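*Asks:* for reference, the sequence and a predicted model appear below.
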Amino acid sequence: MTANGFQAGQSGVGDDIGIIYCAPHVEFRRRFPRLAPSIQYDDDGACTDLNIHAGTGVGARLHEIRFDGVTLQELLAEEGIDFATEADAIAALPADKGVVRLLSVLNALFARHAAG
C-alpha cells in the first residue's frame with residue numbers, strides 16, 4: 001500500500017485482526033481524484049483510511065474492507081462489470097489468498113484512477 005501513498009499498515013488483534021492503512025486525504029485526492037468520490041474532507045489534516053478486518057484461526061476470511069465507510073462492494077460496484085464480482089470472490093477465499101487478490105484488485109483500481 002505504501003507504493004500508492006499510504007503509510008505502512010497499523011494492526012491490532014481482538015476478536016479479529018484489523019489493519020489500517022492511512023493516507024493524507026489531500027494526497028489521496030491528488031493521486032486518485034476519481035476514486036471513491038463520496039470520500040471528501042474539508043480538514044487539511046484529514047486522512048483517508050483503508051480498513052481491513054479478518055477472522056482468526058483456520059478458515060479465516062476477510063470480512064470487512066472499507067475506505068472510510070465505503071465498503072469494497074460499494075467501491076467496486078462503481079467500477080463496472082470488470083470488478084463486479086471481485087468483492088464476493090475476495091470474501092470467499094481464505095484470508096491469506098484473499099489478501100493477495102485484494103492487493104491485485106486495489107492496485108488495478110489505483111492504476112485506473114491515477115492522476116495523469
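*Replies:* Looks like it arrived, so ask away.
*Asks:* mind listing the helices for the chain?
*Replies:* Listed in chain order, the helices found in the chain under DSSP state H are 25-31, 72-77, 86-92, 95-113.
*Asks:* to Asn4, which of these lies closest?
*Replies:* Each of the helices of the chain was scored for nearness to Asn4 using C-beta to C-beta, and the closest is helix 95-113 (4.7 Å). C-betas here are computed from N, CA, C, even on glycine.
*Asks:* still on that earlier bit, want to throw the helices of the chain into a markdown table with mean neighbour count?
*Replies:* Formatted as a markdown table, these follow (neighbours: other C-beta atoms under 10 Å):
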| stretch | mean neighbour count |
| --- | --- |
| helix 25-31 | 17 |
| helix 72-77 | 18 |
| helix 86-92 | 16 |
| helix 95-113 | 16 |
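*Asks:* want to throw these into TSV with mean pLDDT?
*Replies:* TSV is the format used below for these (pLDDT from 0 to 100):
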stretch	mean pLDDT
helix 25-31	93
helix 72-77	93
helix 86-92	95
helix 95-113	95
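*Asks:* any chance of JSON lines for these, columns distance to Gly5?
*Replies:* Rendered in JSON lines, the data for the helices of the chain read as follows (distance: least, C-beta to C-beta, whole Å):
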{"stretch": "helix 25-31", "distance to Gly5": "5"}
{"stretch": "helix 72-77", "distance to Gly5": "17"}
{"stretch": "helix 86-92", "distance to Gly5": "22"}
{"stretch": "helix 95-113", "distance to Gly5": "9"}
